[in-house]
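J.: Give me a 3D structure for the following:
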Amino acid sequence: MRTLLALSASSLVLALLVSGCGSDETAGPNDDDGALQTSSSSSSGEPTTSSSSSSSGAVASSSSGAAETCKATFTWLQKDAYKETGGRTVNAWPPHTTTTLAVTCDDQPVDAAFQANHGSEPGSKDAAGRDFLDPVHSVSVQGTRAELAQLLDVYRTCECEPDSFLSMNSLNQTVVEDLLGEFVTLVDDGATTCTGDTTKADLVTALQAQDFEAALLLVPECTFPGADGTPVDTLNEALTLAISSTGNVLADYHVCNNDAVLQAGLVTGFESTGTVGTCDRASAACRGPLWMYDPAE
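T.: Okay, the predicted model is just below:
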């Protein structure tokens, strides 16, 4: 019986802004510029850590003759999308999510890999030397060495269709312009209010200029229409309008968080069924941008 350690259900909520997840290694002024980086969106088979131990499943016991205990630990790492500085700091702002999967047997490293999901790789740092990514949650599943090696192999290729990634570099495309435009219009014309020295016009100006560093500072100072005062309902309405105006084209797109959900499903599916599944790019997890993602919920 395989046991899932420290597992909690993932909760996916639509929240704020057009979200693409770019690579900090190759980005210009903004870290998450949404450029499609094949080497980052997929681990390309390169593990974050490795050892000389085989992951073929040939070794079934330790040197003492006792059956070895193997587990795979899946970790979610996040940062504030588009920021040039590291960490997850404002819950109302969309996150970029990278994932890792590491296999150990008898607490010794066997093999590991990561999926940068079109963005920051584990260990990458901002200009101040801070890690871009913060670990925010992890789960562990138990299995044999051979089973977990197979799980890791599938994970290395587990991602949504790259061509449907909603890139910030595509903001000149009508489908993305429509979404941002609808959101800005709803904020400007609606019942959004801001406090202190912050005005609604300041937020609108920052959004129109795609100055997400500035917008990140302003969003917590503003109250949006809706039950809890967050931008969620406003973004939901903008998304509905944009999908309608583009003939549902936007419903086929995904962002980095969708990839992370697909990868998490592979791991939790193994725990539930005891068998290694597949990552279906036609899955509902890959359809429709998931702006906000808190894997601990």
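
J.: can you map out the helices along the stretch 51-200 of the chain?
T.: Using DSSP state H, counting those that start in this stretch, the helices of the stretch 51-200 of the chain run over residues 145-155, 174-189, 200-208.

J.: OK, contacts around the most centrally placed residue in the chain?
T.: Closest to where the C-alpha atoms of the chain average out (C-alpha atoms, centre = their mean) is residue 97, at 2.5 Å. Counting by C-beta atoms under 8 Å, 6 or more residues apart in numbering, residue 97 makes contact with 21, 76, 77, 78, 117, 256, 257, 259, 260, 293, 295. From N, CA and C alone the C-beta is placed, and that goes for glycine too.

J.: ok, those residues vs residue 227, which is closest?
T.: Residue 227 has its nearest neighbour among the contacts of residue 97 in residue 293, at 20.5 Å by C-beta to C-beta.

J.: For the closest one, grab the count of nearby residues.
T.: 26 (other C-beta atoms under 10 Å).

J.: Check residue 86 too.
T.: 22.

J.: Surely it is in contact with residue 133?
T.: Yes - counting by C-beta atoms under 8 Å, residue 133 is a contact partner of residue 86 at 7.0 Å.

J.: what is in contact with the two at once?
T.: Going by C-beta under 8 Å, 6+ apart, residues that sit against residue 86 and also against residue 133 are residue 79.

J.: hmm, back to that, which of the contacts of residue 97 fall in strands?
T.: Within these, residues falling in strands by DSSP state E are 76, 77, 78, 293.

J.: how far away is the nearest residue to the last one once chain neighbours are set aside from residue 264?
T.: Nearest-residue entry for residue 293: residue 257, 3.9 Å, with adjacent residues in sequence omitted and distances by C-beta to C-beta, 6 or more residues apart in numbering. Computed with C-beta to C-beta, to the nearest Å, the distance linking residue 257 and residue 264 is 10 Å.

J.: Of those two, give the one with the bigger neighbour count.
T.: Between residue 257 and residue 264, counted using other C-beta under 10 Å, the more crowded position is residue 257 (28 against 22).

J.: doesn't residue 95 make contact with that one?
T.: Yes - contact criterion C-beta under 8 Å: residue 257 and residue 95 qualify, at 7.0 Å.

J.: For these two, list the residues in contact with both.
T.: Common neighbours of residue 257 and residue 95 (criterion: C-beta under 8 Å, 6+ apart): 292, 293.

J.: For the chain, just list every one of the strands.
T.: For the chain, strands defined by DSSP E occupy the ranges 4-5, 11-13, 70-80, 95-105, 108-115, 134-143, 193-194, 222-223, 292-294.

J.: For the fourth one, list the C-alpha coordinates in PDB.
T.: Read it as strand 95-105. Provided in PDB are the C-alpha atoms of strand 95-105 (Å, rounded to 0.1, in the frame of the first residue of the first chain):
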ATOM      1  CA  PRO A  95       2.000  33.200  -9.100                       C
ATOM      2  CA  HIS A  96       4.400  31.500 -11.300                       C
ATOM      3  CA  THR A  97       4.700  27.800 -10.300                       C
ATOM      4  CA  THR A  98       7.700  25.500 -11.000                       C
ATOM      5  CA  THR A  99       7.700  21.900  -9.700                       C
ATOM      6  CA  THR A 100      10.300  19.300  -8.800                       C
ATOM      7  CA  LEU A 101      10.200  15.600  -8.200                       C
ATOM      8  CA  ALA A 102      12.900  13.800  -6.300                       C
ATOM      9  CA  VAL A 103      13.300  10.100  -5.700                       C
ATOM     10  CA  THR A 104      15.100   8.700  -2.600                       C
ATOM     11  CA  CYS A 105      15.600   5.100  -1.300                       C
END
